[in-house]
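>>> Okay, sequence plus prediction incoming.
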Amino acid sequence: MQEALFYGNDAVKTSNGRSGLKRMVEENAVVVIARKGCCMSQVVQRLLHLVGANPAVYKMEEREVGKVAGELAEASGGVGELQFPAVFIGGRWFGGVERVIATHITEELTPLLKSAGALWL
């Protein structure tokens, strides 16, 4: 399986005014945004891979957290303070580690990923 990894500051404005992270969230079925070296991001990525999804992953440096959090709050419609790793499914903020694991346990994750276009079977 291949995994899309984006390192460094991808928060550059594109020609149409959208930020790189916002564009990434809109264009990918599943996106995981995490701090570099975060063990919980590995847990989320592994779980998503086990159910068959291939998430795009943005790993940020510690100094980028404030800027990225502000940009994601704008992309998610101001859902409050985001925690990292942040998971976006189908272009919308889904939650963090707890929500991903909880929906997997209740068998709601796979149908959600199918409806977002992250799974084909």
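That came through fine.

>>> Look up how far residue 118 lies from residue 46.
15 Å (Cβ to Cβ, to the nearest Å). For the C-beta atoms, the positions are set from N, CA and C on the backbone; glycine is no exception.

>>> Pull out the buried positions in stretch 84-94.
Using 16 or more other Cβ atoms under 10 Å as the test for burial, stretch 84-94 gives 84-90, 93-94.

>>> Which single one of those is nearest to residue 30?
residue 89 (5.5 Å; Cβ to Cβ).

>>> Outside of stretch 35-53 itself, list whatever touches it.
1, 3, 7, 29-30, 32, 34, 54-55, 57, 59-62, 65, 84-85, 87, 96-97, 100-101, 104, 109-110, 113, 118-119, 121 (Cβ atoms under 8 Å, 6 or more residues apart in numbering).

>>> now those residues: which count as buried?
Among the contacts of stretch 35-53, the ones that count as buried (16+ other Cβ under 10 Å) are 29-30, 32, 34, 54-55, 57, 59-60, 84-85, 87, 96-97, 100, 104, 109-110, 113, 118-119.

>>> Okay, and which of the residues you listed map to helices?
97, 100, 104, 109-110, 113 (DSSP state H).

>>> Now do the strand or helix carrying residue 67: which elements does it pack against?
If you go by DSSP states H and E, residue 67 is part of helix 65-75. Under the contact criterion of 3 or more Cβ pairs under 8 Å, 6 or more residues apart in numbering; DSSP states H and E, helix 65-75 touches helix 20-27, strand 30-35.

>>> tell me the mean pLDDT for it?
Averaging pLDDT along helix 65-75 yields 77.
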